[in-house]
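J.: quick one, fold the following:
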Amino acid sequence: MLLTPREIDRLLLFQAAELARARRARGLLLNAPEAIALVADAVCEAARDGADHAGAIAAGLAAVGPDQVLPGTASLVGHVEVEALFTDGSRLVVVPAPLGPGAPDGPGSVQAAPVPEDAAPAAEIAIRNTAAVPIAVTSHWHLFEANRRLDFERRAAWGMRLAIPTGSTVRWAPGEERTVPVRPFAGARIAMGFGGLVNGPLDAPGALEAALGRARERGYLGADR
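T.: Sure thing, here's the model as predicted:
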């Protein structure tokens, strides 16, 4: 039986969740890895059953109760991220505070840093889906390299990501056009992976023009603007 890396990862997650379920059934309080496995497994199974993005999040939130985990565990698990396979494709699902609110000053607690002033959207870009199927883009995808059937000015999206909450997505129905807020990547500004159009520093001399050339060769709409 040949399995893809994605299928192997799913089986490993299921095994971890089964171990956590067995320990919970024996009356043991769960630690952070065990609780995370249960939440992620619930999300994946909900998506497999046909639930939408919101339904998968709801399943993750219902997977583990705050009274089923060791003291302080809720403070260690601020959110759980897992890529689940939905009926319309795979998407990242972020389950916020899946074990309930942790003690704000307890051991291992995590406090959010203040939102910097430059976190506001820097611009807006009009994007149209020319495909016959829905297309979704997640919060931290390099927008320049988004699906080639999305028609928008690629040059304007260079070094940009959607200005939406972390882990969320924007979804375009077939033929739909909408204007979305964007903001530039911060930090080292190195784009690796994505659509394979950059794979290096965004601010390197000639990087934009080289990426535009690759995008035109590969049929990305909007690369000629």
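
J.: longest helix of this structure?
T.: For the chain, the longest helix by residue count, based on DSSP state H, is helix 5-25.

J.: list the buried residues of the next helix or strand after it.
T.: Where DSSP states H and E defines the elements, the next helix or strand beyond helix 5-25 is helix 32-48. Buried residues in helix 32-48, counted by 16 or more other CB atoms under 10 Å: 32, 34-47. (C-beta placed from N, C-alpha, C; glycine too.)

J.: with stretch 218-225 instead?
T.: 220-223.

J.: now swap in stretch 182-196 and tell me
T.: Neighbour-count burial for stretch 182-196 flags 182-183, 191, 195 (criterion: 16+ other CB under 10 Å).

J.: do stretch 125-136 as well
T.: For stretch 125-136, the neighbour count (16+ other CB under 10 Å) marks 125, 127, 129, 131, 135-136 as buried.

J.: what's the answer for stretch 17-34, then?
T.: For stretch 17-34, the neighbour count (16+ other CB under 10 Å) marks 17, 20, 24, 30-32, 34 as buried.

J.: same question, stretch 163-170
T.: Buried positions in stretch 163-170, judged by neighbour count with 16+ other CB under 10 Å: 163-164, 167, 169-170.

J.: from the residues you listed, which has minimum pLDDT?
T.: On pLDDT alone, Gly167 ranks lowest of these, at 73.

J.: leaving out sequence neighbours, find the closest residue to that residue.
T.: In space, Gly167 comes closest to Val94 once its chain neighbours are excluded; the distance is 2.9 Å by CB to CB, 6 or more residues apart in numbering.
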